[in-house]
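Novice: Next come a sequence and a model predicted from it.
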Amino acid sequence: MSTTASHAHVIRRPQDVVDLVNTHPAIRSGLGITLIALGGILIDAYQAAMIGFGNRYIAQEFGISPGLAATVNASVLIAALFGGLMANRVVERFGQRTAFVIGMGMCTVGAAAVAFAPNVLALLLCRIIMGIGLGIDFPLATSAVAELRGSSSKKTGTSVNLWQMGWYLSTTVVYLILVPLAASSVAEPDLWRYGIFIGAGFAVVVMILRWVYLGESAMWAARKNRFDQSCRILKTRYGVDAQTASDAVAGTEGATDQVKGAYRILLSGRYRRRTILGCVVATMQAWQYNAVGVYLPLTLAGILTGGLTSALWGSAAVNLLCGVTGGAIGSLIVQRVGARRQSMIGFGFVVAALLILGLVGRDNPWLALGLLGSIIFFHSSGPGGLGMTIATMSYPPSIRPAGVGFARAIMRTGAIAGLIFWPMLWQALGTDAFFWLMAVPLVGFLTCALIPWEPIGADVDAEDADVLAQISKG
(Lines give C-alpha, C1' and ligand atoms only; values in the text may rest on other atoms or scores of the structure.)
Protein backbone atom coordinates (compact mmCIF):
# COMPACT_ATOMS: atom_id res chain seq x y z
CA MET A 1 0.00 0.00 0.00
CA SER A 2 1.31 3.46 -0.88
CA THR A 3 2.20 6.06 1.70
CA THR A 4 -0.72 8.23 0.59
CA ALA A 5 -3.20 5.38 0.87
CA SER A 6 -1.92 4.42 4.32
CA HIS A 7 -2.75 7.89 5.58
CA ALA A 8 -6.05 8.19 3.75
CA HIS A 9 -9.28 8.61 5.62
CA VAL A 10 -11.56 5.61 5.32
CA ILE A 11 -15.15 6.21 4.19
CA ARG A 12 -17.63 3.68 5.55
CA ARG A 13 -20.85 5.74 5.62
CA PRO A 14 -22.17 9.11 4.39
CA GLN A 15 -21.58 10.72 7.79
CA ASP A 16 -17.82 10.15 7.36
CA VAL A 17 -17.87 12.43 4.32
CA VAL A 18 -19.98 15.00 6.17
CA ASP A 19 -17.49 15.02 9.06
CA LEU A 20 -14.51 15.49 6.72
CA VAL A 21 -16.16 18.38 4.88
CA ASN A 22 -17.18 19.90 8.20
CA THR A 23 -13.58 19.99 9.45
CA HIS A 24 -11.70 20.72 6.19
CA PRO A 25 -12.44 24.02 4.39
CA ALA A 26 -12.19 23.87 0.61
CA ILE A 27 -8.83 24.74 -0.89
CA ARG A 28 -10.49 27.59 -2.78
CA SER A 29 -13.08 29.15 -0.48
CA GLY A 30 -12.21 32.83 -0.53
CA LEU A 31 -14.33 35.85 -1.37
CA GLY A 32 -14.34 35.20 -5.13
CA ILE A 33 -15.61 31.62 -4.87
CA THR A 34 -18.11 32.65 -2.19
CA LEU A 35 -19.59 35.34 -4.44
CA ILE A 36 -19.77 32.87 -7.33
CA ALA A 37 -21.72 30.47 -5.11
CA LEU A 38 -23.97 33.35 -4.07
CA GLY A 39 -24.33 34.52 -7.67
CA GLY A 40 -28.02 33.62 -7.89
CA ILE A 41 -28.73 35.85 -4.90
CA LEU A 42 -26.94 38.71 -6.65
CA ILE A 43 -29.15 38.17 -9.69
CA ASP A 44 -32.21 38.08 -7.42
CA ALA A 45 -31.19 41.44 -5.92
CA TYR A 46 -30.53 42.97 -9.33
CA GLN A 47 -33.84 41.92 -10.82
CA ALA A 48 -35.81 42.91 -7.70
CA ALA A 49 -34.35 46.41 -7.70
CA MET A 50 -34.79 46.79 -11.46
CA ILE A 51 -38.42 45.72 -11.43
CA GLY A 52 -39.09 47.92 -8.40
CA PHE A 53 -37.73 50.86 -10.38
CA GLY A 54 -39.92 49.93 -13.35
CA ASN A 55 -43.15 49.51 -11.40
CA ARG A 56 -44.75 52.84 -12.30
CA TYR A 57 -43.66 52.57 -15.94
CA ILE A 58 -45.18 49.10 -16.17
CA ALA A 59 -48.43 50.48 -14.76
CA GLN A 60 -48.46 53.31 -17.32
CA GLU A 61 -47.56 51.13 -20.31
CA PHE A 62 -50.13 48.41 -19.67
CA GLY A 63 -52.84 50.73 -18.37
CA ILE A 64 -53.10 49.25 -14.88
CA SER A 65 -52.89 50.74 -11.39
CA PRO A 66 -49.53 50.91 -9.56
CA GLY A 67 -50.98 48.50 -6.99
CA LEU A 68 -51.86 45.93 -9.68
CA ALA A 69 -48.45 46.41 -11.31
CA ALA A 70 -46.81 45.74 -7.95
CA THR A 71 -48.98 42.62 -7.58
CA VAL A 72 -47.88 41.35 -11.00
CA ASN A 73 -44.26 42.05 -10.08
CA ALA A 74 -44.77 40.28 -6.75
CA SER A 75 -45.70 37.13 -8.66
CA VAL A 76 -41.96 36.43 -8.82
CA LEU A 77 -41.95 36.22 -5.03
CA ILE A 78 -44.98 33.94 -4.92
CA ALA A 79 -43.35 31.67 -7.49
CA ALA A 80 -40.08 31.82 -5.53
CA LEU A 81 -41.97 30.68 -2.46
CA PHE A 82 -42.88 27.45 -4.23
CA GLY A 83 -39.44 27.22 -5.81
CA GLY A 84 -37.86 27.36 -2.36
CA LEU A 85 -40.03 24.46 -1.20
CA MET A 86 -38.91 22.48 -4.26
CA ALA A 87 -35.20 23.13 -3.73
CA ASN A 88 -34.42 20.16 -1.50
CA ARG A 89 -36.17 17.75 -3.87
CA VAL A 90 -34.38 19.20 -6.91
CA VAL A 91 -30.91 19.01 -5.36
CA GLU A 92 -31.50 15.48 -4.03
CA ARG A 93 -32.69 14.33 -7.43
CA PHE A 94 -30.13 16.02 -9.69
CA GLY A 95 -27.21 17.03 -7.47
CA GLN A 96 -25.80 20.47 -6.75
CA ARG A 97 -24.17 21.13 -10.12
CA THR A 98 -27.23 20.39 -12.27
CA ALA A 99 -29.63 21.99 -9.79
CA PHE A 100 -27.70 25.25 -10.06
CA VAL A 101 -28.17 25.17 -13.84
CA ILE A 102 -31.88 24.42 -13.51
CA GLY A 103 -32.51 27.30 -11.10
CA MET A 104 -30.39 29.94 -12.79
CA GLY A 105 -31.41 28.73 -16.27
CA MET A 106 -35.07 29.37 -15.48
CA CYS A 107 -34.19 32.80 -14.15
CA THR A 108 -32.20 33.64 -17.28
CA VAL A 109 -34.93 32.58 -19.69
CA GLY A 110 -37.62 34.36 -17.70
CA ALA A 111 -35.62 37.60 -17.41
CA ALA A 112 -34.77 37.70 -21.11
CA ALA A 113 -38.43 37.17 -21.97
CA VAL A 114 -39.60 39.85 -19.51
CA ALA A 115 -37.61 42.43 -21.48
CA PHE A 116 -39.84 41.78 -24.52
CA ALA A 117 -43.17 41.10 -22.77
CA PRO A 118 -45.91 42.57 -25.04
CA ASN A 119 -48.68 42.56 -22.43
CA VAL A 120 -49.30 42.11 -18.74
CA LEU A 121 -50.16 38.38 -19.04
CA ALA A 122 -46.84 37.65 -20.75
CA LEU A 123 -45.07 39.66 -18.08
CA LEU A 124 -46.84 37.64 -15.38
CA LEU A 125 -45.82 34.31 -16.94
CA CYS A 126 -42.20 35.37 -17.32
CA ARG A 127 -42.03 36.59 -13.75
CA ILE A 128 -43.37 33.25 -12.52
CA ILE A 129 -40.65 31.38 -14.43
CA MET A 130 -38.02 33.70 -12.96
CA GLY A 131 -39.42 33.24 -9.48
CA ILE A 132 -39.36 29.44 -9.51
CA GLY A 133 -35.75 29.51 -10.67
CA LEU A 134 -34.70 32.02 -8.02
CA GLY A 135 -36.56 30.07 -5.34
CA ILE A 136 -34.68 26.90 -6.23
CA ASP A 137 -31.34 28.68 -6.42
CA PHE A 138 -31.17 30.46 -3.05
CA PRO A 139 -31.07 27.41 -0.74
CA LEU A 140 -28.49 25.78 -3.00
CA ALA A 141 -26.30 28.88 -2.86
CA THR A 142 -26.15 29.22 0.91
CA SER A 143 -25.76 25.46 1.36
CA ALA A 144 -22.86 25.49 -1.10
CA VAL A 145 -21.13 28.24 0.88
CA ALA A 146 -21.60 26.30 4.13
CA GLU A 147 -20.11 23.22 2.47
CA LEU A 148 -17.12 25.18 1.17
CA ARG A 149 -16.23 26.27 4.70
CA GLY A 150 -17.62 23.49 6.86
CA SER A 151 -20.04 24.34 9.66
CA SER A 152 -17.38 24.04 12.36
CA SER A 153 -15.25 26.77 10.78
CA LYS A 154 -15.35 30.14 12.50
CA LYS A 155 -15.53 31.73 9.04
CA THR A 156 -18.69 29.95 7.89
CA GLY A 157 -21.16 32.42 9.38
CA THR A 158 -19.12 35.27 7.93
CA SER A 159 -19.09 33.68 4.47
CA VAL A 160 -22.80 32.85 4.43
CA ASN A 161 -23.71 36.34 5.59
CA LEU A 162 -21.70 37.89 2.75
CA TRP A 163 -24.79 37.45 0.58
CA GLN A 164 -26.17 40.63 2.14
CA MET A 165 -23.14 42.69 1.10
CA GLY A 166 -23.40 41.10 -2.35
CA TRP A 167 -27.09 42.01 -2.47
CA TYR A 168 -26.35 45.71 -2.06
CA LEU A 169 -23.43 45.58 -4.47
CA SER A 170 -25.88 44.19 -7.00
CA THR A 171 -28.55 46.82 -6.34
CA THR A 172 -25.92 49.53 -6.60
CA VAL A 173 -25.04 48.16 -10.04
CA VAL A 174 -28.71 48.56 -11.01
CA TYR A 175 -28.66 52.31 -10.43
CA LEU A 176 -25.22 52.73 -12.00
CA ILE A 177 -26.58 51.00 -15.12
CA LEU A 178 -29.76 53.07 -15.17
CA VAL A 179 -27.93 56.41 -14.91
CA PRO A 180 -26.09 56.13 -18.27
CA LEU A 181 -29.12 54.51 -19.89
CA ALA A 182 -31.24 57.46 -18.74
CA ALA A 183 -28.63 59.86 -20.13
CA SER A 184 -28.61 58.08 -23.50
CA SER A 185 -31.29 57.94 -26.16
CA VAL A 186 -33.27 55.23 -24.32
CA ALA A 187 -36.78 56.43 -23.56
CA GLU A 188 -37.47 56.67 -19.83
CA PRO A 189 -40.46 54.22 -19.90
CA ASP A 190 -38.19 51.59 -21.55
CA LEU A 191 -35.32 51.79 -19.08
CA TRP A 192 -36.56 48.84 -17.02
CA ARG A 193 -36.69 46.58 -20.10
CA TYR A 194 -33.07 47.30 -21.01
CA GLY A 195 -32.03 46.81 -17.41
CA ILE A 196 -33.82 43.45 -17.07
CA PHE A 197 -32.24 42.17 -20.29
CA ILE A 198 -28.75 43.16 -19.11
CA GLY A 199 -29.49 41.21 -15.91
CA ALA A 200 -30.21 38.09 -18.00
CA GLY A 201 -26.70 38.40 -19.40
CA PHE A 202 -25.26 38.57 -15.89
CA ALA A 203 -27.18 35.37 -15.04
CA VAL A 204 -25.51 33.52 -17.93
CA VAL A 205 -22.10 34.55 -16.58
CA VAL A 206 -23.05 33.23 -13.12
CA MET A 207 -24.08 29.85 -14.58
CA ILE A 208 -20.77 29.45 -16.40
CA LEU A 209 -18.66 30.41 -13.39
CA ARG A 210 -20.53 28.03 -11.10
CA TRP A 211 -20.20 25.13 -13.52
CA VAL A 212 -16.45 25.66 -13.75
CA TYR A 213 -15.57 26.51 -10.13
CA LEU A 214 -18.14 24.83 -7.85
CA GLY A 215 -18.84 21.40 -9.30
CA GLU A 216 -20.68 18.65 -7.42
CA SER A 217 -21.31 18.30 -3.69
CA ALA A 218 -19.28 15.65 -1.88
CA MET A 219 -22.06 15.29 0.68
CA TRP A 220 -24.70 14.71 -1.99
CA ALA A 221 -22.56 12.07 -3.67
CA ALA A 222 -22.13 10.30 -0.32
CA ARG A 223 -25.86 10.37 0.40
CA LYS A 224 -26.36 8.78 -3.01
CA ASN A 225 -23.84 6.09 -1.99
CA ARG A 226 -21.38 7.28 -4.65
CA PHE A 227 -18.46 7.01 -2.26
CA ASP A 228 -15.77 6.87 -4.96
CA GLN A 229 -17.07 10.14 -6.40
CA SER A 230 -17.07 11.66 -2.90
CA CYS A 231 -13.44 10.63 -2.45
CA ARG A 232 -12.48 12.31 -5.73
CA ILE A 233 -14.24 15.53 -4.71
CA LEU A 234 -12.63 15.44 -1.26
CA LYS A 235 -9.22 15.19 -2.90
CA THR A 236 -9.61 17.87 -5.57
CA ARG A 237 -11.69 20.41 -3.60
CA TYR A 238 -10.59 19.91 0.00
CA GLY A 239 -7.13 18.36 -0.36
CA VAL A 240 -8.26 15.37 1.71
CA ASP A 241 -7.09 11.85 0.84
CA ALA A 242 -9.91 9.37 1.33
CA GLN A 243 -10.75 5.87 0.18
CA THR A 244 -13.90 3.78 0.30
CA ALA A 245 -13.87 0.89 2.76
CA SER A 246 -14.71 -2.58 1.47
CA ASP A 247 -17.48 -2.78 4.08
CA ALA A 248 -18.94 0.67 3.37
CA VAL A 249 -22.55 0.95 4.49
CA ALA A 250 -25.09 2.40 2.08
CA GLY A 251 -26.98 5.46 3.28
CA THR A 252 -30.72 5.96 3.33
CA GLU A 253 -30.94 7.15 -0.27
CA GLY A 254 -34.62 6.55 -0.60
CA ALA A 255 -35.46 8.65 2.41
CA THR A 256 -33.37 11.61 1.35
CA ASP A 257 -34.45 11.23 -2.26
CA GLN A 258 -38.08 11.62 -1.32
CA VAL A 259 -37.38 14.13 1.50
CA LYS A 260 -40.84 13.40 2.84
CA GLY A 261 -39.75 13.75 6.45
CA ALA A 262 -37.58 16.86 6.11
CA TYR A 263 -40.30 19.43 6.76
CA ARG A 264 -41.76 17.36 9.60
CA ILE A 265 -38.36 17.46 11.31
CA LEU A 266 -38.02 21.22 10.77
CA LEU A 267 -41.21 21.81 12.74
CA SER A 268 -40.67 19.34 15.56
CA GLY A 269 -38.31 18.68 18.47
CA ARG A 270 -35.19 20.75 18.81
CA TYR A 271 -35.55 22.26 15.34
CA ARG A 272 -38.92 23.99 15.91
CA ARG A 273 -37.52 27.02 17.72
CA ARG A 274 -34.66 27.31 15.24
CA THR A 275 -37.15 27.29 12.38
CA ILE A 276 -39.38 29.90 13.99
CA LEU A 277 -36.43 32.21 14.69
CA GLY A 278 -34.99 31.91 11.19
CA CYS A 279 -38.37 32.33 9.48
CA VAL A 280 -39.45 35.37 11.52
CA VAL A 281 -36.12 37.18 11.14
CA ALA A 282 -36.06 36.45 7.41
CA THR A 283 -39.69 37.47 6.88
CA MET A 284 -39.60 40.72 8.85
CA GLN A 285 -36.36 41.85 7.24
CA ALA A 286 -37.78 41.08 3.79
CA TRP A 287 -40.90 43.09 4.56
CA GLN A 288 -38.99 46.17 5.70
CA TYR A 289 -36.51 45.92 2.82
CA ASN A 290 -39.11 45.52 0.09
CA ALA A 291 -40.89 48.59 1.44
CA VAL A 292 -37.85 50.84 1.87
CA GLY A 293 -35.06 49.30 -0.22
CA VAL A 294 -36.80 48.18 -3.42
CA TYR A 295 -38.76 51.41 -3.70
CA LEU A 296 -35.88 53.65 -2.67
CA PRO A 297 -35.95 55.69 -5.94
CA LEU A 298 -39.71 56.18 -5.50
CA THR A 299 -39.27 57.30 -1.89
CA LEU A 300 -36.34 59.58 -2.67
CA ALA A 301 -38.18 61.13 -5.60
CA GLY A 302 -40.86 62.19 -3.13
CA ILE A 303 -38.28 63.71 -0.78
CA LEU A 304 -35.49 65.13 -2.95
CA THR A 305 -35.61 67.61 -5.82
CA GLY A 306 -33.83 67.00 -9.12
CA GLY A 307 -36.00 64.43 -10.85
CA LEU A 308 -35.08 60.90 -11.94
CA THR A 309 -31.33 61.40 -12.19
CA SER A 310 -31.13 62.78 -8.66
CA ALA A 311 -33.20 59.87 -7.31
CA LEU A 312 -30.99 57.31 -9.11
CA TRP A 313 -27.75 58.83 -7.88
CA GLY A 314 -29.18 59.10 -4.38
CA SER A 315 -30.25 55.44 -4.50
CA ALA A 316 -26.80 54.36 -5.70
CA ALA A 317 -25.11 56.37 -2.94
CA VAL A 318 -27.37 54.98 -0.20
CA ASN A 319 -26.90 51.39 -1.41
CA LEU A 320 -23.13 51.69 -1.76
CA LEU A 321 -22.33 53.73 1.36
CA CYS A 322 -24.91 52.18 3.67
CA GLY A 323 -25.95 48.81 2.20
CA VAL A 324 -22.57 47.47 1.06
CA THR A 325 -20.76 48.89 4.09
CA GLY A 326 -23.38 47.54 6.47
CA GLY A 327 -23.28 44.11 4.87
CA ALA A 328 -19.49 43.97 5.09
CA ILE A 329 -19.44 45.08 8.73
CA GLY A 330 -22.24 42.67 9.62
CA SER A 331 -20.31 39.77 8.12
CA LEU A 332 -17.16 40.72 10.01
CA ILE A 333 -18.76 41.01 13.44
CA VAL A 334 -21.36 38.22 13.35
CA GLN A 335 -18.90 35.66 14.71
CA ARG A 336 -18.32 37.83 17.77
CA VAL A 337 -21.82 39.23 18.32
CA GLY A 338 -23.92 36.24 17.25
CA ALA A 339 -26.60 36.08 14.57
CA ARG A 340 -29.58 36.37 16.91
CA ARG A 341 -28.27 39.28 18.97
CA GLN A 342 -27.03 41.12 15.88
CA SER A 343 -30.46 40.75 14.25
CA MET A 344 -32.15 42.09 17.37
CA ILE A 345 -29.88 45.15 17.49
CA GLY A 346 -30.48 45.87 13.82
CA PHE A 347 -34.26 45.60 14.17
CA GLY A 348 -34.15 47.96 17.16
CA PHE A 349 -32.32 50.70 15.26
CA VAL A 350 -34.68 50.36 12.28
CA VAL A 351 -37.67 50.87 14.61
CA ALA A 352 -36.09 54.08 15.95
CA ALA A 353 -35.24 55.40 12.46
CA LEU A 354 -38.76 54.75 11.15
CA LEU A 355 -40.24 56.57 14.15
CA ILE A 356 -38.10 59.65 13.50
CA LEU A 357 -38.84 59.52 9.77
CA GLY A 358 -42.55 59.51 10.47
CA LEU A 359 -42.19 62.54 12.76
CA VAL A 360 -39.85 64.78 10.73
CA GLY A 361 -39.38 63.11 7.33
CA ARG A 362 -41.47 65.61 5.38
CA ASP A 363 -39.84 68.67 6.94
CA ASN A 364 -36.13 68.01 6.38
CA PRO A 365 -35.22 66.20 3.12
CA TRP A 366 -31.55 65.73 4.02
CA LEU A 367 -32.37 64.36 7.45
CA ALA A 368 -34.84 62.02 5.76
CA LEU A 369 -32.12 60.89 3.34
CA GLY A 370 -29.78 60.23 6.27
CA LEU A 371 -32.44 58.25 8.12
CA LEU A 372 -33.24 56.16 5.04
CA GLY A 373 -29.53 55.47 4.76
CA SER A 374 -29.42 54.43 8.42
CA ILE A 375 -32.32 52.04 7.85
CA ILE A 376 -30.44 50.44 4.96
CA PHE A 377 -27.25 50.29 7.06
CA PHE A 378 -28.78 48.68 10.15
CA HIS A 379 -30.89 46.39 7.99
CA SER A 380 -27.85 45.25 6.02
CA SER A 381 -25.53 44.88 9.01
CA GLY A 382 -28.27 43.30 11.12
CA PRO A 383 -31.21 41.12 10.13
CA GLY A 384 -30.96 41.66 6.36
CA GLY A 385 -28.71 38.68 5.78
CA LEU A 386 -28.97 36.93 9.11
CA GLY A 387 -32.37 35.32 8.60
CA MET A 388 -30.82 33.12 5.92
CA THR A 389 -27.61 32.76 7.92
CA ILE A 390 -29.62 31.46 10.88
CA ALA A 391 -31.49 29.04 8.62
CA THR A 392 -28.31 27.82 6.93
CA MET A 393 -26.35 27.34 10.14
CA SER A 394 -29.20 25.77 12.16
CA TYR A 395 -29.58 22.49 10.25
CA PRO A 396 -27.36 19.54 9.28
CA PRO A 397 -26.62 18.95 5.57
CA SER A 398 -29.38 16.40 4.91
CA ILE A 399 -32.14 18.92 5.70
CA ARG A 400 -30.22 22.17 5.14
CA PRO A 401 -31.66 22.88 1.67
CA ALA A 402 -35.13 22.11 3.04
CA GLY A 403 -34.56 24.42 6.04
CA VAL A 404 -33.21 27.28 3.94
CA GLY A 405 -35.88 26.71 1.29
CA PHE A 406 -38.65 26.74 3.90
CA ALA A 407 -37.32 29.91 5.54
CA ARG A 408 -36.88 31.54 2.15
CA ALA A 409 -40.42 30.53 1.15
CA ILE A 410 -41.91 32.00 4.32
CA MET A 411 -39.69 35.04 3.88
CA ARG A 412 -41.27 35.68 0.50
CA THR A 413 -44.58 36.45 2.20
CA GLY A 414 -42.93 39.41 3.89
CA ALA A 415 -41.35 40.48 0.62
CA ILE A 416 -44.73 40.26 -1.11
CA ALA A 417 -46.37 42.36 1.60
CA GLY A 418 -43.71 45.05 1.36
CA LEU A 419 -43.71 45.06 -2.44
CA ILE A 420 -47.49 45.33 -2.79
CA PHE A 421 -48.59 47.43 0.17
CA TRP A 422 -45.84 50.04 0.42
CA PRO A 423 -46.72 51.91 -2.81
CA MET A 424 -50.35 52.01 -1.63
CA LEU A 425 -49.43 53.24 1.85
CA TRP A 426 -46.96 55.78 0.48
CA GLN A 427 -49.48 57.15 -1.99
CA ALA A 428 -52.21 57.38 0.66
CA LEU A 429 -50.25 58.51 3.73
CA GLY A 430 -46.91 59.92 2.60
CA THR A 431 -44.34 59.93 5.39
CA ASP A 432 -46.99 58.82 7.91
CA ALA A 433 -46.64 55.38 6.30
CA PHE A 434 -43.39 54.98 8.23
CA PHE A 435 -45.39 54.69 11.46
CA TRP A 436 -47.23 51.65 10.11
CA LEU A 437 -44.01 50.07 8.90
CA MET A 438 -42.55 50.27 12.43
CA ALA A 439 -44.60 47.22 13.45
CA VAL A 440 -42.55 44.97 11.15
CA PRO A 441 -39.07 45.37 12.72
CA LEU A 442 -40.71 45.46 16.16
CA VAL A 443 -42.02 41.89 15.64
CA GLY A 444 -38.52 40.83 14.57
CA PHE A 445 -36.96 42.46 17.63
CA LEU A 446 -39.34 40.73 20.05
CA THR A 447 -38.84 37.32 18.41
CA CYS A 448 -35.06 37.60 18.74
CA ALA A 449 -35.48 38.61 22.38
CA LEU A 450 -37.69 35.63 23.19
CA ILE A 451 -35.89 32.77 21.34
CA PRO A 452 -32.29 32.35 22.57
CA TRP A 453 -30.99 29.90 19.91
CA GLU A 454 -27.56 30.88 18.53
CA PRO A 455 -26.38 28.96 15.44
CA ILE A 456 -22.93 30.55 15.15
CA GLY A 457 -20.41 28.04 16.46
CA ALA A 458 -22.94 25.20 16.82
CA ASP A 459 -21.74 21.89 15.35
CA VAL A 460 -25.01 21.06 13.60
CA ASP A 461 -23.35 18.78 11.02
CA ALA A 462 -22.79 16.25 13.82
CA GLU A 463 -26.60 15.87 13.94
CA ASP A 464 -26.82 14.61 10.35
CA ALA A 465 -26.78 10.88 11.05
CA ASP A 466 -29.51 11.25 13.66
CA VAL A 467 -31.68 13.26 11.27
CA LEU A 468 -31.23 10.72 8.48
CA ALA A 469 -32.28 8.00 10.92
CA GLN A 470 -35.41 9.96 11.82
CA ILE A 471 -36.26 10.43 8.14
CA SER A 472 -35.80 6.74 7.40
CA LYS A 473 -38.18 5.82 10.22
CA GLY A 474 -40.86 8.03 8.73
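Specialist: Ah, there it is. Predicted model, so just to flag it, every value in this text is computed and none were measured.
Novice: Which strands or helices does the helix or strand encompassing residue 22 pack on?
Specialist: In this assignment (DSSP states H and E), residue 22 forms part of helix 14-23. Applying 3 or more Cβ pairs under 8 Å, 6 or more residues apart in numbering; DSSP states H and E, one finds that helix 14-23 contacts strand 9-11, helix 218-223, helix 227-238, helix 464-473. Placement of C-beta: from N, CA and C, glycine included.
Novice: just for this structure, where's the confidence low?
Specialist: 1-7, 29, 150-161, 247-260, 294-307, 361-362, 472-474 (pLDDT under 70).
Novice: hang on, the earlier thing: got the contact list for the helix holding residue 22?
Specialist: Helix 14-23 has contacts (Cβ atoms under 8 Å, 6 or more residues apart in numbering) with 9-11, 147, 150-152, 218-219, 221-223, 225, 227, 230, 234, 238, 240, 242, 251, 396-397, 459, 461-462, 464-465, 468.
Novice: buried stuff in that helix?
Specialist: Residues of helix 14-23 classed as buried: 14, 15, 16, 17, 18, 19, 20, 21, 22 (neighbour count, 16 or more other Cβ atoms under 10 Å).
Novice: between that helix and helix 227-238, how many degrees?
Specialist: Taking axes from the mean of the first three to the mean of the last three Cα atoms, to 10 degrees, one finds helix 14-23 and helix 227-238 inclined to each other by 0 degrees.
Novice: if we can go back for a sec, would you mind checking the contacts of helix 14-23 for buried ones?
Specialist: Buried among those by 16+ other Cβ under 10 Å: 11, 147, 150-152, 218-219, 221-223, 225, 227, 230, 234, 238, 240, 242, 251, 396-397, 461, 464-465, 468.
Novice: now the buried residues of helix 14-23 as JSON lines including distance to residue 142?
Specialist: Compiled in JSON lines, the buried residues of helix 14-23 are given as follows (distance: Cβ to Cβ, whole Å):
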{"residue": "14", "distance to residue 142": "21"}
{"residue": "15", "distance to residue 142": "22"}
{"residue": "16", "distance to residue 142": "24"}
{"residue": "17", "distance to residue 142": "20"}
{"residue": "18", "distance to residue 142": "17"}
{"residue": "19", "distance to residue 142": "21"}
{"residue": "20", "distance to residue 142": "21"}
{"residue": "21", "distance to residue 142": "15"}
{"residue": "22", "distance to residue 142": "16"}
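Novice: Using the three-state scheme, assign the closest residue to residue 460 other than its chain neighbours.
Specialist: Spatial nearest neighbour of residue 460, excluding adjacent residues (Cβ to Cβ, 6 or more residues apart in numbering): residue 396 at 5.2 Å. Three-state call for residue 396 (DSSP: H, G, I helix; E, B strand; the rest coil): coil.
Novice: So residue 396 is in contact with residue 455, correct?
Specialist: No. Look at residue 396 against residue 455 with Cβ atoms under 8 Å: they stay out of range, at 11.6 Å.
Novice: ok, residue 57 - how many residues close by?
Specialist: By other Cβ atoms under 10 Å, the residues close to residue 57 number 17.
Novice: doesn't residue 188 make contact with it?
Specialist: Yes. Between residue 57 and residue 188 there is a contact under Cβ under 8 Å: 7.3 Å.
Novice: now the helix or strand harbouring residue 101: how far from the chain's centre is it?
Specialist: Following DSSP H and E, one finds residue 101 within helix 96-114. Offset of helix 96-114 from its chain centre (Cα atoms, centre = their mean, to the nearest Å): 16 Å.
Novice: after that helix, next one along is what?
Specialist: helix 120-149.
Novice: so that following helix versus helix 96-114, what angle?
Specialist: Using the same axes, to 10 degrees: helix 120-149 against helix 96-114 is 150 degrees.
Novice: same for helix 120-149, what does it pack against?
Specialist: Helix 120-149 packs on helix 31-37, helix 39-53, helix 55-62, helix 66-94, helix 96-114, helix 156-183, helix 383-393, helix 400-429, going by 3+ Cβ pairs under 8 Å, 6+ apart.
Novice: Who are the packing partners of the fourth one?
Specialist: I take that to be helix 66-94. Taking 3+ Cβ pairs under 8 Å, 6+ apart as the contact cut, helix 66-94 packs with helix 39-53, helix 55-62, helix 96-114, helix 120-149, helix 218-223, helix 253-258, helix 400-429.
Novice: what does the last one give?
Specialist: In terms of contact count using 3+ Cβ pairs under 8 Å, 6+ apart, helix 400-429 is assigned the packing partners helix 66-94, helix 120-149, helix 262-266, helix 271-292, helix 296-301, helix 383-393, helix 433-437.
Novice: now those in a markdown table, with distance to residue 359?
Specialist: Output for the helices and strands packed on helix 400-429, formatted as a markdown table (distance: least, Cβ to Cβ, whole Å):
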| stretch | distance to residue 359 |
| --- | --- |
| helix 66-94 | 26 |
| helix 120-149 | 36 |
| helix 262-266 | 41 |
| helix 271-292 | 16 |
| helix 296-301 | 16 |
| helix 383-393 | 23 |
| helix 433-437 | 9 |
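Novice: among the ones you listed, which is nearest residue 172?
Specialist: helix 296-301 (11.0 Å; Cβ to Cβ).
Novice: Give the helix, strand or coil label for residue 243.
Specialist: Strictly by three-state DSSP, residue 243 counts as strand.
Novice: residues in contact with it?
Specialist: Residue 243 touches 5, 8, 9, 10, 11, 231, counting by Cβ under 8 Å, 6+ apart.
Novice: What's the separation between the second one and residue 232?
Specialist: Think residue 8. Applying Cβ to Cβ, to the nearest Å, the value for residue 8 to residue 232 is 12 Å.
Novice: Comparing these two, which shows the higher neighbour count?
Specialist: residue 8 (18 against 15).
Novice: In this model residue 241 seems to touch the more buried one, though I could be wrong.
Specialist: Yes. The pair residue 8 and residue 241 qualifies as a contact (Cβ under 8 Å) at a distance of 4.1 Å.
Novice: quick revisit: in JSON lines: the helices and strands packed on helix 120-149, plus distance to residue 130.
Specialist: JSON lines is the format used below for the helices and strands packed on helix 120-149 (distance: least, Cβ to Cβ, whole Å):
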{"stretch": "helix 31-37", "distance to residue 130": "20"}
{"stretch": "helix 39-53", "distance to residue 130": "7"}
{"stretch": "helix 55-62", "distance to residue 130": "15"}
{"stretch": "helix 66-94", "distance to residue 130": "5"}
{"stretch": "helix 96-114", "distance to residue 130": "3"}
{"stretch": "helix 156-183", "distance to residue 130": "15"}
{"stretch": "helix 383-393", "distance to residue 130": "19"}
{"stretch": "helix 400-429", "distance to residue 130": "13"}
